[in-house]
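Visitor: show me the folded form of this:
(2 chains)
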Amino acid sequence: MKYQYTELQQELRQMAKDFAIKEIAPYFKEYDVKGEFPRELFEKYHEAGYTTMMIPEEYGGQGLGCLDCVLINEMLGQYGDVGFLASAGSGELSMMPVIIGGTQDQIQRYGDVIITGGHAAFSLTEPDSGSDAASIRTTAVRDGDYYVLNGRKCFVTSGGIADIYTVLATVDRSKGTRGITCFMIERDTPGLSVGKEEDKMGLRLSNTTDLIFDNCRVPAANRVGDEGMGFKIAMKNLDRSRPVGSIGAVSIAQAAIDHALKYAKERKTFGKPLIENQAIAFMLADMQIQCEAARNLVYRCAENIDKGIYDSEFGSIVKTFCGDMVMDVTVNAVQIFGGYGYSREYPVEKLMRDAKIFAIFEGANQIQRIVISRAMMKRDLNALKD
Amino acid sequence: MNILVCVKQVPDTTEIKIDPVTNTLIREGVPSIVNTFDGYALEIAARVRDKNGGTITILTMGPEQAKKAIKECLAVGADKGVLLSDRAFGGSDTLATSYVLSRAVRHLEGRLGCFDVVFCGKQAIDGDTGQVGPELAAHLGRPQVTYASDVEVVDGELRVKRESDEGYDIISCPTPAVVTVVKTAYEPRNPTIKGKLAANRAEIPTLTAADFEIDTSLCGLNGSPTKVKKTYTPARGGKVVKIQESDASKSAAALMAMLSDAKIL
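Guide: Residues are numbered from 1 along each chain as shown, chains lettered A, B, ... in the order given. Just a heads-up that it's a prediction; the model follows:
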């Protein structure tokens, strides 16, 4: 499909593609095997500005819109590695809540870490509270000029490499989501420790760990927004970051399609290229149809955000479609490669492993369907009476 | 340091195709890039500037779309750029090109002050003559160092690492000077988002023949002693002899002996 990118957008995409091919692609296989975040790739990535794309210029960021950011990330993921992007981009995801709900001083302090090339992590999920955010158990008890945090967080992207954390804890469990409060916490704060690192199926270049709070004393000045505002801040942050997350699925899917297409044109069976079998050609066509639809959903979602339109139902639709799409597409890419697709020597098995998380994280696709169907139930159907 | 980097927009020769009938380059659909060696020149300039302070100005001659090359340079650290564009400059060979560039340098220096260094790539990857840099130095009457792979500023003088077949020389050279650059040991820096945004906003002024003092009879086709009689793609697969003695002078002697034996010389 042909898109009407602006000249600047085209240039930014080309620049991102060149960067990914030159600086990320040669290394991701090695780090995928090791299951390690490639710190040495991060420096150049940061210098080029990819870690601070949506942070306003006044705070030292690039000041790009959501769509620009999506268009750039699409290239970085498609030609680079989406797992790397997840950890490398967590600084921005973690600073956004502070920009949304924090004071100038807090933004400045957070920016001093992120803008200068440090890492940050955003931490909401707990072992017994994933999409069910209202039941988080990490507590924050006020004690004079401090809050004392106790509890355990899990699946924290960049948890092991972060210099500063954005953490959601509850000041009053009986209040549900209205008790959730947001804090920014420096790595060296006594009582904060990093737990085990996850050995994941995919996105293995991202760093994912537990976080443990054991009587961790956090200055009250580090509270972002008022008590009980944390959930709103977190949701606003996730709403804004939704397209940036979902475009990763499009990147992986398109990469898988391109690899499968190239293979289907080159691989000969029974005297002709694979692609001349309609069964294979139609598989590829269906994969592209799915991927193109997902891409358009993400672009539209990003455009909406740039216009100030936040639509949770639509965000859930986009997220769910992308998460299901990328799994279907990558499974089929492996199928087209046949036995070679199952081999680690070829690129598509990694893409299939990377794909699975998109139906799980940021609210599992089943939860998203609850959100969508609940919104549907509220719909006014009076016009159908006749 | 007040630095000028001369760049040329060239077709990306990794994707080049020749029209089998006309024997000319098929330009359609071939992406244009900043000449690779000019990119290395800019990287050296940027490192000199980053260390010593100063400004990098980009100068290029070409049609309107050559502004894109200037913008690419702005995205990787150049501070400003000027395009030289006029019908009168069209068809210039290396002598005419270096003459136009030298007049433009003089004109720019009237406004921006003398350039301590003028950097050029050692050659363009399309024409491959390697003449424009040295000719520019001659037109300007300035010392030149060719085949530089690194430059430092020491006590106000340039200290240039000049590559040769045997190794390298370290040459010191007073400013103002012209330096032509080979591939550097380091990779040119990646463009940044900030650089791209600034380049996108930048206004690139265009200088025409009317804007500065220049003798147009020495420009373009009129001013070009080089006449292209014919272009063709050399046939491949001829007999090849490789002469590789222990050093260049011995190789040259072996070649002379071979040509002499074959009664070619």
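Visitor: where do the helices sit along the chain?
Guide: In the absence of a named chain, chain A is used. For chain A, the helices defined by DSSP state H occupy A:7-19, A:28-34, A:39-47, A:66-79, A:82-88, A:90-101, A:104-114, A:230-266, A:278-306, A:312-337, A:348-355, A:365-377.
Visitor: that was the other one, I meant chain B.
Guide: Counting by DSSP H, the helices of chain B are B:36-52, B:67-75, B:94-112, B:132-140, B:193-201, B:248-261.
Visitor: and the contacts of the last one?
Guide: Applying CB atoms under 8 Å, 6 or more residues apart in numbering or on different chains, the external contacts of helix B:248-261 come out as B:165-166, B:241, B:243-245, B:265. (Each C-beta comes from the backbone N, C-alpha and C, glycine too.)
Visitor: what's the closest of the residues you listed to chain A?
Guide: B:D165 (29.9 Å; CB to the nearest CB).
Visitor: please name the nearest non-neighbouring residue to the residue of chain A found nearest chain B.
Guide: When scored by CB to the nearest CB, chain A has A:G49 as its residue closest to chain B, at 3.4 Å. Residue nearest to A:G49 in three dimensions, not counting chain neighbours: B:I193, with 3.4 Å by CB to CB, 6 or more residues apart in numbering or on different chains.
Visitor: quick one: contacts for the one you found?
Guide: Taking CB under 8 Å, 6+ apart as the test, what B:I193 contacts is A:12, A:15, A:48-50, A:53, A:62, A:64, A:72.
Visitor: distance check, it against A:E126.
Guide: 35 Å (CB to CB, to the nearest Å).
Visitor: what's the answer for A:A285, then?
Guide: 43 Å.
Visitor: right, and the helices of chain B - which one's nearest A:V326?
Guide: helix B:193-201 (26.3 Å; CB to CB).
Visitor: residues of the closest one that come out buried?
Guide: B:193-197, B:199 (16 or more other CB atoms under 10 Å in any protein chain shown).
Visitor: which of those residues sits closest to B:V132?
Guide: The closest of the buried residues of helix B:193-201, once distances to B:V132 are taken by CB to CB, is B:A199, at 24.4 Å.
Visitor: re the thing from before, more neighbours: which of A:A285 and A:E126?
Guide: A:E126 (22 against 11; other CB atoms under 10 Å in any protein chain shown).
Visitor: which strand residues bridge that one?
Guide: Note on A:E126: beta-bridge partners by DSSP bridges are A:S129.
Visitor: was I right about it contacting A:I136?
Guide: Yes: the pair A:E126 / A:I136 is scored as a contact, 5.4 Å apart, by CB atoms under 8 Å.
Visitor: contact residues of the stretch 1-150 of chain A facing chain B?
Guide: Taking CB under 8 Å from any CB of the partner chain as the contact definition, the stretch 1-150 of chain A meets chain B at A:7-8, A:11-12, A:15, A:18-19, A:22-23, A:44, A:47-50, A:53, A:62, A:64, A:72.
Visitor: which one is the spatially most central residue of chain A nearest to, not counting chain neighbours?
Guide: Among the residues of chain A, A:G245 comes closest to the average C-alpha position under CA atoms, centre = their mean, at 3.6 Å. Setting aside the residues directly before and after it, A:G245 is nearest to A:E362 in space (CB to CB, 6+ apart), at 5.5 Å.
Visitor: for the one you found, what are its contacts?
Guide: Counting by CB under 8 Å, 6+ apart, A:E362 touches A:238, A:242, A:245, A:319.
Visitor: just the closest of the residues you listed to B:E187, please.
Guide: Within the contacts of A:E362, the smallest distance to B:E187 is 31.5 Å, found for A:G245 (CB to CB).
Visitor: what pLDDT does the model give the closest residue to A:Q335 other than its chain neighbours?
Guide: Nearest non-adjacent residue to A:Q335, counting by CB to CB, 6+ apart: A:G341, 6.6 Å away. Looking at A:G341, its pLDDT stands at 96.
Visitor: ok, the one 4 residues further on next?
Guide: Reading off the per-residue confidence, A:E345 sits at a pLDDT of 94.
Visitor: winner for burial among the helices of chain A?
Guide: helix A:82-88 (a mean of 27; mean count of other CB atoms under 10 Å in any protein chain shown).
Visitor: tell me the mean pLDDT over that one?
Guide: Helix A:82-88 comes out at a mean pLDDT of 97.
Visitor: which elements pack onto it?
Guide: helix A:28-34, helix A:39-47, helix A:66-79, helix A:230-266 (3 or more CB pairs under 8 Å, 6 or more residues apart in numbering or on different chains; DSSP states H and E).
Visitor: show me what contacts the closest residue to A:M184 other than its chain neighbours?
Guide: When the adjacent residues along the chain are set aside, A:M184 lies closest to A:N222, with 5.0 Å between them (CB to CB, 6+ apart). With contacts defined as CB under 8 Å, 6+ apart, the neighbours of A:N222 are A:106, A:183-185.
Visitor: I'm done for today, thanks for sticking with me.
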